[in-house]
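> next comes the sequence, and after it the predicted model I'd like to discuss.
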Amino acid sequence: MLFECFLERAQGLPINLELSVADKSNFHEFPYEIFSSASQWVAADLSPFKPSVYITPGPLMFDIVSFDSSWALDFPHLETLTFNVWTSDLTDLPVTPLPLFQDAYRLRELTIRSPNHLSLFSFPAHQLRKLTILDGRDRPLSSEVWEILPSLVGVEDLTLPSLEDDMELALTAHLGFESRIAMLRLSRLRLFDTSSLLLPHLFLPSLGTLQLREPLSSLDYMLVKDSVPGIVSLSLESSSITLFSNVLESPLARLKHLTVTAFDMDPSAARWCTTDLGNLRNLPNLESFTLRITPDSTTTIGSILRPFIDGITMRANNTDAAGATDMKLIQFSLDFAPRQRK
């Protein structure tokens, strides 16, 4: 009733829409009636999950089987959409894609729960500039993501969830082991955990920023260096002395900005950290280094910082000894991550 009153007062003007779920029910049926205002949407968040809400509501369930498969809506203003819905298991169902969003001609930013939803709901993949596939407990297959990548010809910002690894099957079935998918406009990429297994099979000439939830091994960096020739910014959300050393000794010679999450070190690891950071051959063009401090750090800030500060000091001394007038690394920052509400 309140929503209908709001629409009446809006008098057909463009609106921003956000759903909110106020209880902890296991499932919530998708409120299909909200599509009556679809022609007015500019930005819509169709998701029960809100960071500011203390409860954890159940998912929005979209009944793909009984839904009217001929229903195509007009979205003349829609630019940004979060469509965080669950569908029934489609494995054994010959479901025809719904033309629901095929006429969203202005849509540029999209967030969905499953890579299959891109085609299932007829989103115009070719015109997207930003795509986020949400990370969750139900991991999609790497082959499912692999299948949609060629259609993302205009995407500049991409976030992929953790994946179940069936990459060998995907490559054999679709492109062959020597082939790569070129995403020529992609400039920013965020990968959760196992989604990094896609990197060696991509060519991303415009990629400047890469954010990894799960860092790569030294061999992985060798495998992906040709995939991301222009990368200048790298962020690691988890780390260790071995993984940090892998980054410093990686062949990503053009890297200018590095962010890592702080990690505990014994005296031996601390010396290792200092030595590798002080070596001028490691990431020779590095200009800024950000250390992310998490609330669950088990050691004092001073103990965390000391190996890194000593390494930067060693780098400065080595620069001076090499006869250079300026050290390229000119910025060291601390990022104190906020404590998450439970």
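Thanks, I have it. Residues are numbered from 1 along each chain as shown.

> buried residues, the longest helix belonging to the chain. List them.
Scanning the chain for the helix with the most residues, using DSSP state H, yields helix 301-321. Neighbour-count burial for helix 301-321 flags 304, 307-308, 310-312, 314-315, 319 (criterion: 16 or more other CB atoms under 10 Å). (Glycine included, C-beta is placed from N, CA and C.)

> turn those residues into a markdown table, including distance to D157 and pLDDT.
Compiled in a markdown table, those are given as follows (distance: CB to CB, whole Å; pLDDT from 0 to 100):
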| residue | distance to D157 | pLDDT |
| --- | --- | --- |
| I304 | 31 | 86 |
| P307 | 34 | 94 |
| F308 | 30 | 94 |
| D310 | 36 | 95 |
| G311 | 32 | 95 |
| I312 | 31 | 94 |
| M314 | 36 | 95 |
| R315 | 32 | 94 |
| T319 | 35 | 91 |
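
> now those residues in JSON lines, with distance to I133?
What follows is the buried residues of helix 301-321, written out as JSON lines (distance: CB to CB, whole Å):
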{"residue": "I304", "distance to I133": "33"}
{"residue": "P307", "distance to I133": "36"}
{"residue": "F308", "distance to I133": "34"}
{"residue": "D310", "distance to I133": "41"}
{"residue": "G311", "distance to I133": "37"}
{"residue": "I312", "distance to I133": "37"}
{"residue": "M314", "distance to I133": "42"}
{"residue": "R315", "distance to I133": "38"}
{"residue": "T319", "distance to I133": "43"}
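
> nearest to C273 among those?
Lowest distance from C273 to those (CB to CB) belongs to P307, with 4.1 Å.

> show me where the stretch 1-150 of the chain has strands.
15-18, 28-29, 41-46, 60-62, 80-83, 85-87, 109-112, 130-133 (DSSP state E, counting those that start in this stretch).

> returning to that earlier point: nearest to L198 among the buried residues of helix 301-321?
Taking CB to CB as the measure, L198 sits nearest to F308 out of the buried residues of helix 301-321, at 30.9 Å.

> bridged to the closest residue to the closest one other than its chain neighbours, which residues?
Closest residue in space to F308, ignoring its immediate chain neighbours: L291 at 6.1 Å, by CB to CB, 6 or more residues apart in numbering. Per DSSP bridges, the residues bridged to L291 are V260, L334.
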